[in-house]
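Asker: coordinates only, sequence not included:
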């Protein structure tokens, strides 16, 4: 239940965990450390609710997946955090008895005038209650009215419309029971406070969450930068950042839902190392650290963390300057984004982001100027991609899926969980515009991929239906493969020992897509490896 020391935070500077407080019928165990940006949802249970939770935080370190990558739940969205909850209530509860938001165990150090701001906020968001100055401060809103999207499935509905609870979803409004269908959260919140003519009471007091029905809730915002522990208030030309460090009094960012009486439905918290400077000593775990789990992720050094933060801050300032002093456009919603009227609308949103970890990297034209065009591979990597003369290619990006037609709105050939492994060699069958029809190895499965997701393969010996890769030796210390050929891309896998043999599937002057012995595909800088002269394909250089 105690907070682990900073050196054990696998996603430092962030750490997410289940409540350290003992709850009735609660799981996972109190204080369990959980993953941000996990591939699967996290199962949990309390005395009032049983379901699954997923937390997406932009720029979080050591993530299993990048939710903002192509084909992921946040692709094309400007929201910076997304909390997703799916599950069932264990007892019938009125809409006006279930709140979500923030509850802190100790007093805060709120800025002057904050309560006035909270009262103004309550007028625009009916159902909001708050007391920031109490010994146990809180800021809460009705779940049914304040969730950005609500999806309800009841027994008897088409089974294909029931959401898979093991993976997060980009929700669209789906009504059932006492809750009518609305276009967005604003309409739903307004209905909650409206008086029911039959009862003379607000609709929220006469409508109920039903046991046995499956509810999915989505909460998001573009204003909160948890990796910096800051909230950015919008201004006419930019935004004004305010750090939580001064005001949270050594406490985490809570994510909870509860009844009026204080019974918890779910209770998570996200810590940032900034706020731990004021955290009381009794909160920290004492004694030796537990044994490291096999899938634990090595940590960045404090120096490395500061370097990465400084680099991101510089990139952001450059991008704002390039846009004439305007930061990226915000979404139109009370929290951040427009509600999605249907799943079809979501699937057809503009394909404008790459499958990387940061949208702050600058896309540059050949003359070095900043471009405001949709993200695309850097110009100096163009020689990496397949051309009309290539018969085979290698999949450069992770998490890709084949489509039945050469269109971003075409349906997928396979299910979400059946993604193409990064680095796999495919046969090229046909090309159309910026799409390529490919065939997966050792199967007859074919489908379309964007041509920019396919790279050239070294073309010498034939190996299993495709050219044989080169062999290289690792020459630099403490290097790990990256998800994309970018210096800011997410790193994964263990450190590569100096002298380790790895296979080079494709490369440019600066980057190489490699397969280490641990079978985790990824990118390394060419400066950190040396191709063995006598290896297959080495004479291609």
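Answerer: In hand now; what should we look at? Note that the structure is a prediction, hence the values are computed from the model and not measured. Numbering: from 1, shown residues only.

Asker: so in this protein, where's the weakest helix or strand by average pLDDT?
Answerer: The helix or strand of the chain with the poorest confidence is helix 343-347; it has a mean of 28 (mean pLDDT, DSSP states H and E).

Asker: what's the first helix or strand after that one?
Answerer: Toward the C-terminus, helix 343-347 is succeeded by strand 392-395 as the next helix or strand (DSSP states H and E).

Asker: now the helices: where do they sit in this structure?
Answerer: Ranges of helices within the chain are 114-124, 143-146, 185-193, 203-206, 302-322, 343-347, based on DSSP state H.

Asker: low-confidence ranges, the stretch 251-400 of the chain, go.
Answerer: Along the stretch 251-400 of the chain, the parts satisfying pLDDT under 70 run over 286-390, 398.

Asker: state the distance from the closest residue to residue 188 other than its chain neighbours to residue 148.
Answerer: In this structure, residue 188 finds its nearest non-sequential neighbour in residue 182, 4.4 Å apart by Cβ to Cβ, 6 or more residues apart in numbering. Every residue, glycine included, has its C-beta placed from N, CA and C. In this view, residue 182 and residue 148 are 12 Å apart by Cβ to Cβ, to the nearest Å.

Asker: who's more crowded, these two?
Answerer: residue 148 (26 against 17; other Cβ atoms under 10 Å).

Asker: so what pairs up with the residue nearest to residue 430 when sequence neighbours are not counted in the strands?
Answerer: Among residues not flanking residue 430 along the chain, residue 437 sits closest, at 4.0 Å (Cβ to Cβ, 6+ apart). Beta-bridge partners for residue 437, by DSSP bridges, are residue 430, residue 448.

Asker: wait, residue 437 touches residue 427, no?
Answerer: No - look at residue 437 against residue 427 with Cβ atoms under 8 Å: they stay out of range, at 9.6 Å.

Asker: please identify which of the two sits among more neighbours.
Answerer: Neighbours were counted for residue 437 and for residue 427 using other Cβ under 10 Å; residue 437 has more, 19 against 15.

Asker: quick one: contacts for the more buried one?
Answerer: If you count contacts by Cβ atoms under 8 Å, 6 or more residues apart in numbering, residue 437 has them with 406, 428, 429, 430, 431, 446, 447, 448.

Asker: quick check: residue 198 vs residue 206, distance?
Answerer: Applying Cβ to Cβ to residue 198 and residue 206 gives a distance of 8 Å.

Asker: out of those two, which sits in the busier spot?
Answerer: It is residue 206, of residue 198 and residue 206, that has more neighbours when counted by other Cβ under 10 Å, with 16 against 7.

Asker: tally of neighbours for residue 282?
Answerer: Neighbours of residue 282 (other Cβ under 10 Å): 8.

Asker: what pLDDT is listed against residue 12?
Answerer: On the pLDDT scale, residue 12 is placed at 92.

Asker: meant to ask about residue 44
Answerer: Taking residue 44 on its own, its pLDDT is 95.

Asker: could you find the closest non-adjacent residue to residue 233?
Answerer: Per Cβ to Cβ, 6+ apart, closest to residue 233 is residue 240, 4.6 Å.

Asker: tally of neighbours for that neighbour?
Answerer: Neighbour tally, residue 240, other Cβ under 10 Å: 10.

Asker: again with residue 14
Answerer: So residue 14, with other Cβ under 10 Å, has 23 neighbours.

Asker: what do you get for the one 4 residues further on?
Answerer: By the other Cβ under 10 Å criterion, the neighbourhood of residue 18 contains 23 residues.

Asker: what of residue 492?
Answerer: 17.

Asker: show residues contacting stretch 247-257.
Answerer: 19, 49, 55, 83, 85, 98-111, 143, 226, 229, 244, 264-272, 275-280, 283.

Asker: buried by neighbour count: which residues of it qualify?
Answerer: Buried positions in stretch 247-257, judged by neighbour count with 16 or more other Cβ atoms under 10 Å: 248, 249, 251, 252, 253, 254, 255, 256, 257.

Asker: mind putting those residues into JSON lines with distance to residue 506?
Answerer: Converted to JSON lines, those look like this (distance: Cβ to Cβ, whole Å):
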{"residue": "248", "distance to residue 506": "47"}
{"residue": "249", "distance to residue 506": "52"}
{"residue": "251", "distance to residue 506": "48"}
{"residue": "252", "distance to residue 506": "43"}
{"residue": "253", "distance to residue 506": "41"}
{"residue": "254", "distance to residue 506": "46"}
{"residue": "255", "distance to residue 506": "42"}
{"residue": "256", "distance to residue 506": "47"}
{"residue": "257", "distance to residue 506": "48"}
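
Asker: any idea which of those residues is closest to residue 412?
Answerer: residue 255 (31.3 Å; Cβ to Cβ).

Asker: tell me how far the residue nearest to residue 233 lies from residue 234.
Answerer: From residue 240 to residue 234 the distance is 8 Å (Cβ to Cβ).

Asker: if we can go back for a sec, go ahead and confirm the residue nearest to residue 233 touches residue 223.
Answerer: No - the pair residue 240 / residue 223 is not scored as a contact, 10.5 Å apart, by Cβ under 8 Å.

Asker: is it true that residue 231 touches residue 239?
Answerer: No - in this structure, residue 231 is not within contact of residue 239 by Cβ under 8 Å, at 9.3 Å.

Asker: overlap in contacts of those two?
Answerer: Joint contacts of residue 231 and residue 239 (Cβ under 8 Å, 6+ apart) are residue 223.

Asker: now stretch 90-102: average pLDDT?
Answerer: So the average pLDDT for stretch 90-102 ends up being 94.

Asker: buried ones in it?
Answerer: For stretch 90-102, by 16+ other Cβ under 10 Å, it's 90, 93, 94, 95, 96, 97, 98, 99, 100, 101, 102.
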